[in-house]
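In: quick one, structure for this:
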Amino acid sequence: MPSTALTAKPYVRFDLSQQSWTVAPGPIAADVPAELAARLSGEIPATVPGCVHTDLLAAGLIESPYGYNVEPTLEWIGRCDWRYTCRFSADEDLTTRRHVELCCEGLDTVAALTLNGLAIGQTANMHRRYRFKIAEALRAGENELVIEFSAPLTAAEREEARYGALPYGGGGSNDGRPHNMLRKMACNFGWDWGPALTTVGVWRGIRLEAWDEARLGDVVPQVESAEASGAELAVRAAVVGDAETEVKFELSDPAGRVVASATQAGEAGQASARLTVDRPALWWPAGHGEQPLYTLTTRLVDAEGLVLDEAEQRIGLRTVAIDSTPDATAGDGSAIDDLALGERMHIKVNGRPGSSARAGKQSSGIQLAPFRKIGRPLTLMCIRSPSARSSIA
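Out: The predicted model follows:
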């Protein structure tokens, strides 16, 4: 049944990606043409989420990197520091809370952050999220958030000089760029199938969150079984704060009807529950059925029934498994990787078996697919079903 909790929401989320952003370079590399260097002297409108390459392209300051022989002319971008600035106004909903945090879903990569001139944090990993406490730096009215990104190529080379060179030429990577020295997407430094466009930027969402007593952390749903007769979902929610709370889980079907619910005490920083759905609408890969999505609503409620925080996610009810059963008899290619027998690699969705590649003996599922990189033909090896266009039967 629907939740009976009060609808007041004391938490505040303020999306900074909807505010005004600009980007400006640090010292310009010596090989940048003087005319372009002059045009880069001021602030450039920026889009968040995004990156400096797309901002420069949108401003008409660079050519498309996918044009013929343009890629080498853009390497200077990865050798410049870049300053992203966001100006926003904060009201009492933000400034009067006990806790105010800057939540960064993804910063690429080495960066120092200040708010109104006060240092609030540093980053060095584009693959993780960051939360910074900013209550002391935030002020009522106008605010200025500055994210200073270090030149990624220079930062990688600096780390290589610090720790010593490590091998990084394998796997098709472009030599001469020590991509393994930063926690940054390796192919951003170039690969055999993609250009070297070493960039920086706020590549995922960024927001302010303000709260008093408690808030939700990560909410993780896991579909443990999914069949025509029923599905079972395990849900785990992290709780931050020391208030006495309950966590209410509700799962609604694609039509909006609540089909499962549970309430658990938010003890020891987390709450978990199991939700069962009778005769679910299962999610299937494209070409094998529909892709209905259910809505999981998670509410953090205090002892008086006041909603302190709320999260909503859309999920498909489905399971995915790999069947790697050994083959019954040896066949062509059985000596590959010293396997006496090959092994199937069948992908099963919702328990339905399919067909894909076999490792070690029956490798007919390995095919070559055409691919293109900057106008040059390239070959990319892909695993495909030997008997159909899809790996699901």
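In: residues of stretch 273-281 that come out buried?
Out: For stretch 273-281, a neighbour-count test (16 or more other C-beta atoms under 10 Å) marks 273, 275, 277, 280-281 as buried. C-beta here means a position set from N, CA and C on the backbone, and glycine is covered the same way.
In: now, which of the residues you listed sits nearest P292?
Out: A281 (4.1 Å; C-beta to C-beta).
In: returning to that earlier point: nearest to D192 among the buried residues of stretch 273-281?
Out: A281 (42.0 Å).
In: SS state for the nearest residue to V32 once chain neighbours are set aside?
Out: Leaving aside its chain neighbours, V32 sits nearest to W76 (5.2 Å; criterion: C-beta to C-beta, 6 or more residues apart in numbering). Secondary structure for W76, judged by DSSP: H, G, I helix; E, B strand; the rest coil, is helix.
In: mind naming the longest helix for the protein?
Out: When the chain is parsed with DSSP state H, its longest helix is helix 152-163.
In: kindly export that helix (C-alpha atoms) in PDB.
Out: Taking Å, rounded to 0.1, in the frame of the first residue of the first chain, the C-alpha atoms of helix 152-163 are listed here in PDB:
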ATOM      1  CA  PRO A 152      46.500  15.700 -17.500                       C
ATOM      2  CA  LEU A 153      49.400  15.000 -19.800                       C
ATOM      3  CA  THR A 154      51.700  17.000 -17.500                       C
ATOM      4  CA  ALA A 155      50.300  15.400 -14.400                       C
ATOM      5  CA  ALA A 156      50.800  11.900 -15.800                       C
ATOM      6  CA  GLU A 157      54.400  12.600 -16.700                       C
ATOM      7  CA  ARG A 158      55.000  14.200 -13.300                       C
ATOM      8  CA  GLU A 159      53.800  11.000 -11.600                       C
ATOM      9  CA  GLU A 160      56.000   8.900 -13.900                       C
ATOM     10  CA  ALA A 161      59.000  11.000 -12.900                       C
ATOM     11  CA  ARG A 162      58.100  10.500  -9.200                       C
ATOM     12  CA  TYR A 163      57.500   6.700  -9.200                       C
END
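In: which stretches in the stretch 201-350 of the chain count as strands?
Out: For the stretch 201-350 of the chain, applying DSSP state E, counting those that start in this stretch gives strands covering 201-202, 206-211, 214-226, 230-241, 245-252, 258-265, 270-278, 294-302, 307-315, 320-323, 343-344, 346-349.
In: can you put the ones you listed in a markdown table and add distance to A111 and mean pLDDT?
Out: Shown next, in a markdown table, are the strands of the stretch 201-350 of the chain (distance: least, C-beta to C-beta, whole Å; pLDDT from 0 to 100):
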| stretch | distance to A111 | mean pLDDT |
| --- | --- | --- |
| strand 201-202 | 9 | 98 |
| strand 206-211 | 12 | 96 |
| strand 214-226 | 23 | 96 |
| strand 230-241 | 24 | 96 |
| strand 245-252 | 34 | 97 |
| strand 258-265 | 38 | 97 |
| strand 270-278 | 31 | 97 |
| strand 294-302 | 31 | 96 |
| strand 307-315 | 27 | 95 |
| strand 320-323 | 36 | 86 |
| strand 343-344 | 45 | 70 |
| strand 346-349 | 39 | 85 |
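In: most packed of these?
Out: Among the strands of the stretch 201-350 of the chain, strand 201-202 has the highest mean neighbour count (mean count of other C-beta atoms under 10 Å), at a mean of 27.
In: what residues does that one touch?
Out: The contact list for strand 201-202 (C-beta atoms under 8 Å, 6 or more residues apart in numbering) reads 17, 21, 23, 46, 48-52, 54-55, 82, 84, 104, 106-108, 147, 149.
In: do stretch 23-35 as well
Out: Residues contacting stretch 23-35 (C-beta under 8 Å, 6+ apart): 37, 40, 42-44, 46, 52, 55, 76, 79-85, 151, 201.
In: narrow those residues to just the buried residues.
Out: Buried among those by 16+ other C-beta under 10 Å: 40, 44, 46, 52, 55, 76, 79-85, 151, 201.
In: among those, name the ones in strands.
Out: Taking DSSP state E, the ones among the buried ones among the contacts of stretch 23-35 that sit in strands are 44, 82-85, 201.
In: and R207, how far is that from T114?
Out: 18 Å (C-beta to C-beta, to the nearest Å).
In: repeat that for H53.
Out: 24 Å.
In: these two: which has the busier surroundings?
Out: Legend: neighbour count by other C-beta atoms under 10 Å for H53 and T114, higher for H53 (19 against 16).
In: the closest residue to the more buried one other than its chain neighbours: neighbouring residues, count only.
Out: Nearest in space to H53, with sequence neighbours left out and distances taken as C-beta to C-beta, 6+ apart, is T199 at 4.8 Å. Per other C-beta under 10 Å, the neighbour tally for T199 reads 24.
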